[in-house]
Structures are given as structure tokens and as C-alpha cells.
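K.L.:
Predicted structure and sequence below. I'll ask about it afterward.
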Amino acid sequence: MKAVVWHGVGDIRLENVTEPKIEQPTDAIVRITTTAICGTDLHFIRGTVPGLKPGIVLGHEGVGVVEEVGRSVRNFRPGDRVLLSAVLGCGSCSYCRSGYFAQCDDINPYGPRAGSAFYGAPQDNGSFDGLQAEYARVPYAHTNLFRLPDSISDDQAIPLSDIYPTGYFGAVIAEVSEGDVVAVWGCGPVGQFAVLSSLQRGAARVIAVDGHADRLERAQALGAETVDFNEEDPVEAILDLTRGVGPDRAIDAVGVDAESPRSGPAAARAREQDHQHREELRQIAPETHEHDGHWKPGDAPTQAHTWAVESLAKAGTLGIIGVYPPTDRFFPIGTAMNKNLTVNAGVGNHPRYIPKLLAMVESGVVHPERLVTQHEPMRDVLTAYEEFDLRRPGWLKVAVDLTS
Ligand SMILES: NC(=O)c1ccc[n+]([C@@H]2O[C@H](COP(=O)([O-])OP(=O)(O)OC[C@H]3O[C@@H](n4cnc5c(N)ncnc54)[C@H](O)[C@@H]3O)[C@@H](O)[C@H]2O)c1
Ligand SMILES: [Zn+2]
Ligand SMILES: [Zn+2]
């Protein structure tokens, strides 16, 4: 079958690999009809999140049709249309039972203290082959698959695999509630859903920050007030907008590939910090492989959460959903401590939220497909990766169609 395979930093290929087989009685095999490219995949290719095993199939977002089930899968049968949760749990351990699917004790073959399990990820995250492939093996299918009604299209469903539950989780861990003023850092696909979810949880105002006009426009269309960090100092702009108080809650939807401002009043301070940012990047990501302008790591890994911490109101809450690798040991702990901030972080507990979000999509309350801007056939997946990596205007979320 055709699949996107990670061979090394800066090296992904579309090639033929062996089809997956049922390995455990709790497995299912799913024929993927739609997959997607995520900012997380970019970290792996840029080298800013290390630890993948060469040969692993990439991708963790998918919609498909059940092809085969193991004998312990009692809730699905061949032919069922399903959504695959990007984050995996066993559904039986004490962590899964209390909703912490991302900290499942059983699913990661590297043990209960290894990382959260998801497809197409570093070895510590379980090394499960990913979903940018014609077929995929789903472990603990009873928990990690969700039946899709015919009324929900692949386009409506694909954001529910990862980016919508992640954005929603961001609003939950940032403790967003009615009346809050929320700052969302990063307006990529995940940031857009963090904006939407914050409003759903009752935020009175959402201020969205990014350096790309097209992404800011989309956040504004969802109801956010926007700040372009290449035009304004975002910390000053947010303080101005909140009468000097700052937002109650902030969500970091950027992660380790954060960038420093290229222009505007914040660029001067960023230039002074350039040496420090470079040193941080060198320690976090010792191996990068920029090639022909592609796969360039962000130049300021601490920039987004540092701005978030600086601008938050005293005693505010920061929710970190942007991904940082275990090699990252930099965080403005002193400022956070002295402002009595609460800091929550993590991989989304997707199976906990997917049923609720799916019901909202089914009932027409939300239209997640509006954020899926690109539809590419599998044969063009590598070009699509390159465009998404460069954040070409308009290229917000790329769905990859495996049926054409
Ligand atoms: N925690 C989870 O479970 C989970 C799940 C999925 C994705 N993620 C992570 O969420 C993050 C966002 O994913 P995405 O697909 O939207 O990626 P993306 O790369 O498309 O989006 C990142 C956005 O941040 C913006 N940005 C860069 N530097 C910034 C700065 N200093 N301040 C504000 N904005 C800045 C970029 O312009 C871009 O629009 C990634 O780190 C990804 O790995 C986490
Ligand atoms: Zn994703
Ligand atoms: Zn579990």
C-alpha cells in the first residue's frame, strides 16, 4: 500500500509498504478514506521533536471504513464508517477511566511511564504506524474508533480526529469559563479550534495572535479580536486591549517551532534575544535539516509561551497544547511564579471529548469543515507537506483524499 514514510529529519517519502495486520484481539484494520497533515508532523520533519524510528508511517488524523476486527472488538464490524482518534488509550486502566486517555497505562509498548500514545510518532510515544496510508492498524479499537453517521462527511469528520479535540482540550486546561478574556497564541488549525472552543465555553473576548494575515482573518471570522506580531508588540497590544490587566486565560497553540517577529516594534527586542533563542534551539533540537527553504525550524522556541506568560493577568491560567519535546527545558518559570499563574499542559485526552464534539457537528452547531482549506490527492501529498510547511497564504488545513 502507499504511505508517507519518515526516513529521517528532512526526509519523508511516499512509497509502498506492507499492509498492516491484526496483531491483538483488540485491534481493527481500517481502510483510510481521508487523512490530514498536522503541525505536529512538521516538528518531526524539521527535527524539533526528535526520536522517530526511520521507516515509521507518518500521520495521526484519519477517517475510514472498518476492514477487519479482532475477536475482542464487539462494537464495530467490517463496513462501519469510523473516525480515528489521534490520541490512543486502552479504555480500561485507571487513567483512561478517569478521562486521562493521553496518560494511559497500558497502550504504549514502551511501558506506562513512556509518553502519550499516538500514531506516526516518536518511539517514546509508542511507534504506532500512522494514518497517512491506505490502511491502518487501530489498537484497542473499542476505545479509539468512533462510528460516523452518514450525515457527517469526511471533511466534517477529519478535524474531530485531532485538531478540534486538541483546541477544546486547550480551552479546558486553560480553565476558560463564562466571561473570561482569553488570548490564543497561534492561529494554525489547532489555534483556530482553540478560539472556537473558548467561545463555546463562554469566553467573553478572545484575542488571537499570529504573524500571518490570512490565519488572523480566519480567527476574526470565528469571532476573535486579532493581533499581528509582525505589526505590533503583541504583549503591549494585549495590555492596551484589556486596560492594562491582561487576559484571564491564555492558550499556547504554537509549540516548539515558534517564530520571532520579523518586523514591527517587537522585532528589535527579538533581535536582542536572537543569541539566546539560537542556543535554546540548539539544545532542544540538535539535529535539523533545512533544505531548499523547507523544513526550517522556528527560530525562537520559547517566544509564544514567554509572551503568553508576560501578558497574562495576575493569577491567570496558561494552557499549553503546542508540542514541546522532552529535550526542551526552557520556560519563564520566575515570571509565572511571581504572578501566581496556573500552568497546565499536555496531550489532548481525545476519546474523552470526541463524542460531545461529534454530536455538535452532527446537530449543525459547528461547521469544522470550513477550516479545511485544502484537498489533495495522496499522489500530491509531499507537495502538500511543503506548502503547509511554508504556511502559504490560504493553506490552513490540508486534507488528503485516499479515494481519488
Ligand atoms: N497537545 C496536543 O494534543 C496537540 C495535538 C495536535 C497538535 N498539537 C500542536 O499544536 C501546535 C499547533 O499545531 P498546528 O497544526 O496549528 O500548527 P501550525 O504550525 O500550522 O500553526 C502554528 C501557528 O503558530 C504561529 N506562530 C509562530 N510563532 C508564533 C508566535 N511567536 N506567537 C504566536 N503565533 C506564532 C504560526 O504562524 C502558525 O500559524 C503544534 O505545536 C502541534 O504540534 C498539539
Ligand atoms: Zn494532528
Ligand atoms: Zn488506558
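P.N.:
Good, I have the coordinates. Ligands and ions are numbered 1, 2, ... in the order given.
K.L.:
distance of the closest residue to ligand 2 within the stretch 101-250 of the chain from residue 82?
P.N.:
At 3.6 Å from ligand 2, residue 162 is the closest residue in the stretch 101-250 of the chain, using CB to the ion. All C-beta spots, glycine's among them, are computed from the backbone N, C-alpha and C. Residue 162 sits at a distance of 15 Å from residue 82 (criterion: CB to CB, to the nearest Å).
K.L.:
So between the two, which is more surrounded?
P.N.:
With neighbours defined as other CB atoms under 10 Å, residue 162 and residue 82 compare such that residue 162 has more, 28 against 22.
K.L.:
Residue 88 is in contact with that one, correct?
P.N.:
No: using CB atoms under 8 Å, residue 162 is not in contact with residue 88, being 11.5 Å away.
K.L.:
Can you give the contact residues for stretch 2-9?
P.N.:
12-17, 44-47, 50, 52, 54-59, 120, 129-130, 132-134, 287-289, 295, 378, 381-382, 385 (CB atoms under 8 Å, 6 or more residues apart in numbering).
K.L.:
Could you find the closest non-adjacent residue to the residue lying farthest from the centre of the chain?
P.N.:
Distance from the centre of the chain peaks at residue 71, with 32.3 Å (CA atoms, centre = their mean). Closest residue to residue 71 apart from its sequence neighbours, by CB to CB, 6 or more residues apart in numbering: residue 25 at 4.8 Å.
K.L.:
again, but for residue 343
P.N.:
Using CB to CB, 6+ apart and skipping residues adjacent in sequence, the residue nearest residue 343 is residue 318, 4.9 Å away.
K.L.:
what do you get for residue 232?
P.N.:
Leaving aside its sequence neighbours, residue 232 sits nearest to residue 264 (CB to CB, 6+ apart; 6.0 Å).
K.L.:
Local confidence estimate at that neighbour?
P.N.:
pLDDT for residue 264: 96.
K.L.:
Report the helix or strand with the lowest average pLDDT across the protein.
P.N.:
Lowest mean confidence among the helices and strands of the chain (mean pLDDT, DSSP states H and E): helix 266-272, at a mean of 93.
K.L.:
Now tell me what touches the very next helix or strand once past that helix from outside.
P.N.:
From helix 266-272 onward toward the C-terminus, using DSSP states H and E, the following helix or strand is helix 274-284. Under the criterion CB under 8 Å, 6+ apart, residues 48, 256, 260, 270, 297-303, 324-325, 327-330 lie in contact with helix 274-284.
K.L.:
out of those, who's near ligand 3?
P.N.:
Restricting the contacts of helix 274-284 to those touching ligand 3 (CB under 5 Å from the ion) yields no residues.
K.L.:
Quick check: ChimeraX command selecting the buried ones in these.
P.N.:
ChimeraX command restricting those to the buried ones, with burial defined by 16 or more other CB atoms under 10 Å:
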select :48,256,260,270,297,298,299,300,301,302,303,324,325,328,330
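K.L.:
Show only the entries of the contacts of helix 274-284 found in helices.
P.N.:
270, 303 (DSSP state H).
K.L.:
which residues touch the closest residue to ligand 3 within the stretch 101-250 of the chain?
P.N.:
Going by CB to the ion, ligand 3 is nearest to residue 104 of the stretch 101-250 of the chain, at 3.1 Å. Neighbouring residues of residue 104 by CB under 8 Å, 6+ apart: 88-90, 93, 95-96, 116-117.
K.L.:
Just give the nearest non-adjacent residue to it, would you?
P.N.:
residue 89 (4.1 Å).
K.L.:
Quick check, the one you found in contact with residue 97.
P.N.:
No: here residue 89 does not reach residue 97: they are 9.6 Å apart, not a contact under CB under 8 Å.
K.L.:
near ligand 2, which residues of this protein show up?
P.N.:
For the chain, the contact set with ligand 2 under CB under 5 Å from the ion comprises 38, 40, 162.
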